[in-house]
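# The following block contains a protein sequence and its predicted model.
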Number of protein chains: 2
Amino acid sequence: MARFKLTIEYDGRPYVGWQRQDNGPTVQAVLEDAFAEFAHGEEITVFGSGRTDAGVHAKGQVAHVDLARPMTSDALQAALNHFLKVRETGISILKIEEVDAEFNARFSAKGRHYLYRIINRRGPLSFDRGLAWHVIRPLDAEAMNEAGQRLIGTHDFTTFRHVECQAKSPVKTLDYLRIERHGEEIHMLAGARSFLHHQIRSMIGTLELVGCGKWTADDVTAALEARDRAALGLNAPPDGLYFLRVDY
Amino acid sequence: MARFKLTIEYDGRPYVGWQRQDNGPTVQAVLEDAFAEFAHGEEITVFGSGRTDAGVHAKGQVAHVDLARPMTSDALQAALNHFLKVRETGISILKIEEVDAEFNARFSAKGRHYLYRIINRRGPLSFDRGLAWHVIRPLDAEAMNEAGQRLIGTHDFTTFRHVECQAKSPVKTLDYLRIERHGEEIHMLAGARSFLHHQIRSMIGTLELVGCGKWTADDVTAALEARDRAALGLNAPPDGLYFLRVDY
């Protein structure tokens, strides 16, 4: 038995999310189907480092699998990408490494990093439809960045958490949150050991209200301290969210 | 009669090119159809600053039109984007300005700027299929940039010109050419008053041979001095080419 670590890129637009479920296509199911084809029908489970929601993308999701057949990482990557048919699925295996049996994509993770893309302009999106949040009203990225610093550190993030979030505790430590403007694009980069369900979309949605001048940084602090989902500013759409990478 | 300058973004993947023709969908025809709908059937010609080939994209193509009906630029932009249906056409009007009757999108242009995107990695492209040139062999972007400097200035670019290019002279002045690596992406930025047909794709195709070590900078100089299409290294695919902007 050999364990392999996969680094995966996917366009989340056609999927109801990472995790296998009955109500639509999932990234996990497509990957497991490709592994089954590769392994002549043997069922192989793909363990992800974390779930992504419907319409959320990944540039560096990580997963692990156990394979009975010995194989080099390069040959496995080539075979899997062949069965994955990126033109149809929008899923690409960027890297495969053989790892120790102790490695676990989810439980060994020490840090998770996300990007959220806003395109801030009047004209409709041609290239980036479903790949960024289109905000027409002009945003002040510096004010957003400044207000975002109020969220850094260890807090009870109940306000920024989906009501169905399954995490045991609403207390998380946000390591960094940076908002930068690059021309018409605004990027939020955020990292933590782990995030609550909808936490990043709730943070950027709230900071967008600061960007357009409706909220102040103090309003963000008040929302955080309320520890109440009803105090949330706005939950941003999945379109702009990218799972960037995992530290181990 | 009022003249308007349009700044246009388009995803070139579904098109046989900018210019109206009989063998497939074109950006110009889709724009003119949208103007005809807007003007209740009146035929309105959209004059572009230059053509783009099949599969080539634009982030800032410029065109001009003459309209009989007086209108504000903002209202015109909103109406046109409505008729353009970006979800179906991949064409978006980024900006409209009213201009003098002397303004001509093609003949008033003083500089044209292009970007060429290479994605240099092993894994197949998910997000960027048709939107970048996928090169698997590792490329040395610094060597490419250094060799690219041999092309700057006024030269007879016959080697880098499509055999069916309709320009009167093969002599052009390349103002700048820069190649930069950003992670797994390699960007070529190039600007000139005007370019020959396929000039940018021929330049980057040839510089890719330098990047992988098959050619030296001296080979690029020799190809340029040969003034012979047969001396060309390689013509790159349209996928990575973006018309960025026009100076007036």
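Now that the structure is in, tell me what you want to look at.
# what about the strands in chain A?
A:2-10, A:47-48, A:57-67, A:91-99, A:111-120, A:133-135, A:153-156, A:171-182, A:185-192, A:241-247 (DSSP state E).
# any chance of those in TSV, with mean pLDDT and distance to B:Val86 too?
C-beta coordinates here come from the backbone N, C-alpha and C atoms, glycine included. What follows is the strands of chain A, written out as TSV (pLDDT from 0 to 100; distance: least, CB to CB, whole Å):
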stretch	mean pLDDT	distance to B:Val86
strand A:2-10	97	23
strand A:47-48	97	33
strand A:57-67	97	20
strand A:91-99	97	26
strand A:111-120	98	13
strand A:133-135	98	10
strand A:153-156	98	39
strand A:171-182	98	22
strand A:185-192	98	18
strand A:241-247	98	21
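# Go through the ones you listed and name the closest to A:Thr216.
strand A:171-182 (15.5 Å; CB to CB).
# what about that closest one, near chain B?
No. Using CB under 8 Å from any CB of the partner chain, strand A:171-182 never reaches chain B; the gap is at least 11.4 Å.
# Quick one: work out the angle between that strand and strand A:111-120.
Orientation check (axes from the mean of the first three to the mean of the last three CA atoms, to 10 degrees): strand A:171-182 against strand A:111-120 gives 40 degrees.
# Put together JSON lines for the strands of chain A, with mean neighbour count and distance to B:Asn81 on each row.
Below are the strands of chain A laid out as JSON lines (neighbours: other CB atoms under 10 Å in any protein chain shown; distance: least, CB to CB, whole Å):
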{"stretch": "strand A:2-10", "mean neighbour count": "22", "distance to B:Asn81": "30"}
{"stretch": "strand A:47-48", "mean neighbour count": "20", "distance to B:Asn81": "39"}
{"stretch": "strand A:57-67", "mean neighbour count": "22", "distance to B:Asn81": "25"}
{"stretch": "strand A:91-99", "mean neighbour count": "20", "distance to B:Asn81": "32"}
{"stretch": "strand A:111-120", "mean neighbour count": "21", "distance to B:Asn81": "14"}
{"stretch": "strand A:133-135", "mean neighbour count": "19", "distance to B:Asn81": "12"}
{"stretch": "strand A:153-156", "mean neighbour count": "13", "distance to B:Asn81": "41"}
{"stretch": "strand A:171-182", "mean neighbour count": "16", "distance to B:Asn81": "23"}
{"stretch": "strand A:185-192", "mean neighbour count": "20", "distance to B:Asn81": "19"}
{"stretch": "strand A:241-247", "mean neighbour count": "21", "distance to B:Asn81": "25"}
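# Same list (the ones you listed) but as JSON lines, adding distance to A:Phe127.
Below are the strands of chain A laid out as JSON lines (distance: least, CB to CB, whole Å):
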{"stretch": "strand A:2-10", "distance to A:Phe127": "17"}
{"stretch": "strand A:47-48", "distance to A:Phe127": "28"}
{"stretch": "strand A:57-67", "distance to A:Phe127": "14"}
{"stretch": "strand A:91-99", "distance to A:Phe127": "18"}
{"stretch": "strand A:111-120", "distance to A:Phe127": "9"}
{"stretch": "strand A:133-135", "distance to A:Phe127": "12"}
{"stretch": "strand A:153-156", "distance to A:Phe127": "36"}
{"stretch": "strand A:171-182", "distance to A:Phe127": "15"}
{"stretch": "strand A:185-192", "distance to A:Phe127": "12"}
{"stretch": "strand A:241-247", "distance to A:Phe127": "15"}
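# Ok, which of these comes nearest B:Arg122?
B:Arg122 lies closest, by CB to CB, to one member of these: strand A:91-99, at 7.4 Å.
# Off-centre distance for that closest one?
The chain centre lies 18 Å from the centre of strand A:91-99; the measure is CA atoms, centre = their mean, to the nearest Å.
# Stretch A:32-45 too?
For stretch A:32-45, the distance to the chain centre is 25 Å (CA atoms, centre = their mean).
# A:Ala2 versus A:Pro70, what's the distance?
6 Å (CB to CB, to the nearest Å).
# my bad, A:Val220
In this view, A:Val220 and A:Ala2 are 47 Å apart by CB to CB.
# before we move on, what about A:Leu234?
46 Å.
# Who does A:Ala190 form a beta bridge with?
A:Tyr114, A:Leu177 (DSSP bridges).
# Could you double-check that it sits in contact with A:Leu174?
Yes. If you go by CB atoms under 8 Å, A:Ala190 and A:Leu174 touch, sitting 6.7 Å apart.
# Tell me the residues of chain A that contact chain B?
Within chain A, the positions near chain B by CB under 8 Å from any CB are A:9-11, A:57, A:77, A:81, A:84, A:86-87, A:90-95, A:121-127, A:129, A:131.
# Tell me which residues touch A:Ile8, please.
Going by CB atoms under 8 Å, 6 or more residues apart in numbering or on different chains, A:Ile8 touches A:Val27, A:Leu31, A:Ala58, A:Gly60, A:Gln61, A:Val62, A:Ala63, A:Ile91, A:Ser92, A:Ile93, A:Leu94.
# next one: A:Val62
Residues in contact with A:Val62 (CB under 8 Å, 6+ apart) are A:Lys5, A:Leu6, A:Thr7, A:Ile8, A:Gly48, A:Ser49, A:Ala105, A:Ala109, A:Arg245, A:Val246, A:Tyr248.
# Hmm, A:Leu139 is touching A:Glu185, no?
No. Here A:Leu139 lies out of contact with A:Glu185, judged by CB under 8 Å, at a distance of 10.8 Å.
# any shared contact partners between these two?
Common neighbours of A:Leu139 and A:Glu185, counting by CB under 8 Å, 6+ apart, are A:Ile118, A:Asn120.
# For A:Ile186, give me its contacts.
Per CB under 8 Å, 6+ apart, neighbours of A:Ile186: A:Arg117, A:Ile118, A:Ile119, A:Asn120, A:Val135, A:Leu139, A:Ala141, A:Met144, A:Ile179, A:Glu180, A:Gly211.
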